[in-house]
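Q: what's the 3D shape of this:
(chains A and B)
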Amino acid sequence: GAVVSQHPSRVICKSGTSVKIECRSLDFQATTMFWYRQFPKQSLMLMATSNEGSKATYEQGVEKDKFLINHASLTLSTLTVTSAHPEDSSFYICSARVEGPAAEAFFGQGTRLTVV
Amino acid sequence: AQSVTQLGSHVSVSEGALVLLRCNYSSSVPPYLFWYVQYPNQGLQLLLKYTTGATLVKGINGFEAEFKKSETSFHLTKPSAHMSDAAEYFCAVSGFTGGFKTIFGAGTRLFVKA
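A: Here you go, the predicted model:
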């Protein structure tokens, strides 16, 4: 299947700093990528839909100024957590869809963010 | 809007026993349905998917699921559980509405007893 690479896998940052997470589709082009957040022992909550060349679409309740998404190319989307606080600590997972109405999304391995 | 309900946050079975994880969905359009497995601190791995056609779908590791439109269900089964099946399982729905974003159920933790 298609491969989605997410980097870094783990990051620890100080409160108040910003952290960038990259999501790359390695062997296919993805016009649409999705960003999810997963709290411990909970499900994946969709944060936003990232569209290549246009602004991301955020789900209700997600602060777009705090979670900046950039989808500059067909193979790369980035999520920047700005002015991170301990409550932003979580597991962040991206996914990318292969084009086609019935194609599933392929998921990155996730990024464990810890804000201290 | 689309949604998924997984019945049972925890399921425990003995090794060699039948695995049954329940999933019901809600969708105003023909759904695409998925089962994913997640091991601790890892991403998601697709077990199987239903898009169109045959309603009984076979996936990896001996898992299968049956799409029942009349019951709006997509339950996951495996005839004989292995210790390595212990993980978190997510049922998910996608579709034409909402730009094919994938919506997940709350997840079911499968425990396998020796």
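
Q: Secondary structure element holding the residue lying closest to A:A56 once chain neighbours are set aside?
A: Leaving aside its sequence neighbours, A:A56 sits nearest to A:I69 (CB to CB, 6 or more residues apart in numbering or on different chains; 3.9 Å). Yep, even glycine has a C-beta here, placed from its N, CA and C like the rest. Counting by DSSP states H and E, the element that carries A:I69 is strand A:67-73.

Q: Which strands or helices does the next helix-or-strand element following that strand pack on?
A: As assigned by DSSP H and E, the chain's next helix or strand after strand A:67-73 is strand A:76-81. Counting contacts by 3 or more CB pairs under 8 Å, 6 or more residues apart in numbering or on different chains; DSSP states H and E, strand A:76-81 is packed against strand A:19-25, strand A:32-38, strand A:67-73, strand A:90-97.

Q: quick one: contacts for residue 69?
A: Picked chain A for this. Going by CB atoms under 8 Å, 6 or more residues apart in numbering or on different chains, A:I69 touches A:W35, A:A48, A:S50, A:A56, A:S77, A:T78, A:L79, A:T80.

Q: my bad, chain B
A: The contact partners of B:K69, taken as CB under 8 Å, 6+ apart, are B:T55.

Q: And it, its phi and psi?
A: With angles defined as degrees, to the nearest 10, B:K69 sits at phi -60, psi -40.

Q: all strands for chain B, in order.
A: Remark: strands assigned in chain B by DSSP state E are B:3-7, B:10-14, B:19-26, B:32-38, B:44-50, B:56-58, B:64-68, B:73-78, B:87-94, B:103-104, B:108-113.

Q: now those strands in JSON lines, with mean pLDDT and distance to A:S43?
A: As requested, these are exported to JSON lines (pLDDT from 0 to 100; distance: least, CB to CB, whole Å):
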{"stretch": "strand B:3-7", "mean pLDDT": "93", "distance to A:S43": "9"}
{"stretch": "strand B:10-14", "mean pLDDT": "97", "distance to A:S43": "14"}
{"stretch": "strand B:19-26", "mean pLDDT": "96", "distance to A:S43": "12"}
{"stretch": "strand B:32-38", "mean pLDDT": "94", "distance to A:S43": "10"}
{"stretch": "strand B:44-50", "mean pLDDT": "92", "distance to A:S43": "11"}
{"stretch": "strand B:56-58", "mean pLDDT": "96", "distance to A:S43": "22"}
{"stretch": "strand B:64-68", "mean pLDDT": "96", "distance to A:S43": "18"}
{"stretch": "strand B:73-78", "mean pLDDT": "98", "distance to A:S43": "16"}
{"stretch": "strand B:87-94", "mean pLDDT": "94", "distance to A:S43": "7"}
{"stretch": "strand B:103-104", "mean pLDDT": "90", "distance to A:S43": "5"}
{"stretch": "strand B:108-113", "mean pLDDT": "96", "distance to A:S43": "10"}
